[in-house]
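1. whatever this is, show me its structure:
(one chain, ligands or ions: 1)
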Amino acid sequence: MLYFEKYHGTGNDFIIFNGIENKYNNKMELAQKVCHRNFGIGADGMMIVEKSEVAHVKMDFYNSDGSLAPMCGNGIRCFAKYVFDNKIVDSTDFKVETLAGIMKVKLTHLENKANSVSINMGKPYFNLEPQDVILDVDIKEYINQIFTVENQNFNMSILTMGTLHAVIIVENLEQIDIGHYGKLIETHSMFPKRINVNFTEILDKENIKVKTYERGVGKTLSCGTGSAAAAIITSLLGHTTRNVNVQVPGGTLTIEQKQKGIYMTGPAQLICRGEYNHPHPNQL
Ligand SMILES: N[C@H](CCC[C@H](N)C(=O)O)C(=O)O
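-> Numbers count the residues shown, from 1 in each chain. Below is the predicted model of the structure:
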C-alpha cells in the first residue's frame, strides 16, 4: 500500500508521494495508474518529493499520461504546501529543484497550515529550440503569428515558461472547441515533444481568461505556467499591464512580472490523504 496525499491548485489536481521516505520505481507507469480517473485515485498529475543536492527539496513531476514534465505551476504550490505541512521543510520560504531550474517559493499560512503560495518561476524564454518546435522558416521567435489548423486561423505565440506553451488569443473563449483544437495543436507535427495550449481571452488591461489543453493530460481546470505564459504574451502585445489576474475555470491566479522573474500567487488545498492499493498486474 502506498501512502499518498491529493491536492489541487485552482482545480488542477495532483497525487503526491514522499520519495524521501520510500523508493518509487517505474514512476511513469505509477503516474498513469494513480492518475486514472476510474481505475486509480484520479488526478491531472503526480509528484514525488525527492532529496536535492542544490535546494531544500526536489520535485519530480509527471503528467497523467505518465510523461515527465519540467515544471508545473499549480503543482509546485501544492508541492510546497505538502512539504511544509508535513514538516519536510521548517520554513515558509524555501527552494525547490525542478527540471526547469530552482524555484523560490513563499508560503502564507493559517494555524500553521499553508494556504496560499507565491513562486518566482524565473524568466520566460522565447527562442525556439529545434528539438521543441520544427518550422519551415528560419525565425528565432514565434510571437503573434497566424497558425492554421483545419482551415481555422489562430493568433499564436510560443514560449517556455517552465515548460513549453502555445498562447492563442481569441475574441470569445466560449466559441472555441478547446478539446478539439487543443488536441490538434498539442499533437501537431510542428511540436515533436507536443505542447501545452492556452486559449486566452482579454477582458481588460488587468484581467484575462484562460482555458488550457495540457500536454499529456488534456483539458484541465487550470494551468499555472500556462496562465503565466498567457499573461506574458498579452502584456508583450500591449493588451494588458505587467500584473494580471488570470481567470481559469478552477479559480483565479495572480501573475506579476518583476525584475527578478515572473511571480505567480494562488491557492493550494489538501483534498484527501489515503493508501493506494496497487492494481493486480492484469488490471489496467
Ligand atoms: N499544470 C501545470 C503545467 C504542466 C505542464 C505539463 N502538462 C507539460 O507537459 O508541460 C501548471 O500548472 O503549470
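
2. so what are the domain limits for the chain?
-> With domains defined by automatic domain parsing, the chain comprises 2-122+267-283, 142-258.

3. near the ligand at all, the first one?
-> Yep, that's domain 2-122+267-283 we're talking about. Yes - in terms of CB under 6 Å from any ligand atom, part of domain 2-122+267-283 sits within range of the ligand, namely 12, 63, 69, 72-75. For every residue, glycine as well, the C-beta is placed using N, CA and C.

4. check the offset of that domain from the chain's centre.
-> 12 Å (CA atoms, centre = their mean, to the nearest Å).

5. now it: average pLDDT?
-> In this model, domain 2-122+267-283 has a mean pLDDT of 93.

6. can you check the shortest one too?
-> Computed over domain 142-258, the mean pLDDT rounds to 97.

7. any residue of it touching the ligand?
-> Yes - for domain 142-258 and the ligand, the contact criterion (CB under 6 Å from any ligand atom) is met by 163, 196, 214-217, 223-226.

8. now that domain, how far from the chain's geometric center?
-> 12 Å.

9. repeat that for stretch 259-268.
-> The chain centroid and the centroid of stretch 259-268 are separated by 13 Å, computed with CA atoms, centre = their mean.

10. same question for stretch 137-146.
-> 24 Å.

11. contacts only, for D60.
-> D60 makes contact with 19, 27, 47-50, 68, according to CB atoms under 8 Å, 6 or more residues apart in numbering.

12. any idea which element it lies in?
-> strand 57-63 (DSSP states H and E).

13. pull the CA atoms of the helix or strand following that strand into CSV?
-> Following strand 57-63 in sequence order, the next helix or strand is helix 73-85 (DSSP H and E). What follows is helix 73-85, C-alpha atoms only, in CSV (Å, rounded to 0.1, in the frame of the first residue of the first chain):
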residue,chain,number,x,y,z
GLY,A,73,3.0,26.0,-11.6
ASN,A,74,-0.2,24.8,-9.8
GLY,A,75,1.7,21.6,-8.9
ILE,A,76,4.6,23.4,-7.2
ARG,A,77,2.2,25.4,-5.0
CYS,A,78,0.6,22.1,-3.8
PHE,A,79,4.0,20.5,-3.5
ALA,A,80,5.2,23.4,-1.4
LYS,A,81,2.1,23.1,0.9
TYR,A,82,2.8,19.3,1.2
VAL,A,83,6.4,19.7,2.3
PHE,A,84,5.6,22.5,4.7
ASP,A,85,2.6,20.9,6.3
